[in-house]
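Participant: any chance you can model this:
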Amino acid sequence: MNAAINGTLEYLRACQTARAGGYPVAYTTDPAWLVHVALNRRAGWPDDPGGFRGSARPIDGRFPRKAGGTYYQGLRTAAHRINTPRRIVRLPELGEHRWLTRRLPDRFTED
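Facilitator: Numbering: from 1, shown residues only. Got it, this is the predicted structure:
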């Protein structure tokens, strides 16, 4: 095996040991997630261009937009704004998530 593969395997084992020992596991140090990403990369699936979520099955040879971390980051931000009490949410704040106006009518203002 080459050095890169050995380093990856050592890192996976360290993550597994830490998780078994009760240490908190971050998204990118979760051994199961790391194995799935490694398998997806080996299958030739593209990585998230934003660098947030790993890899995903290609659609028409490209990374699916909704699988990217930047799409969900914007959705998370919009949800936080919408759920903040007494906050007026304007349509431009929703960005690409204007579809929420159909799901939550009378919740947003135009001005």
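Participant: for this structure, what's the longest helix?
Facilitator: Longest helix in the chain, counting residues (DSSP state H): helix 3-20.
Participant: report the backbone C-alpha coordinates of the next helix or strand after that one in CSV.
Facilitator: With elements assigned by DSSP states H and E, the helix or strand that comes after helix 3-20 is helix 31-42. The C-alpha coordinates for helix 31-42 follow below in CSV (Å, rounded to 0.1, in the frame of the first residue of the first chain):
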residue,chain,number,x,y,z
PRO,A,31,-15.7,6.8,10.6
ALA,A,32,-18.9,5.6,8.8
TRP,A,33,-19.2,8.9,6.8
LEU,A,34,-15.5,8.8,5.9
VAL,A,35,-15.8,5.2,4.6
HIS,A,36,-18.9,6.2,2.5
VAL,A,37,-17.0,9.2,1.0
ALA,A,38,-14.0,7.0,0.2
LEU,A,39,-16.3,4.4,-1.6
ASN,A,40,-18.1,7.2,-3.5
ARG,A,41,-14.8,8.7,-4.6
ARG,A,42,-13.5,5.3,-5.7
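Participant: and helix 31-42, what does it pack onto?
Facilitator: helix 3-20 (3 or more C-beta pairs under 8 Å, 6 or more residues apart in numbering; DSSP states H and E). All C-beta atoms are positioned from the backbone trio N, CA, C, and that covers glycine.
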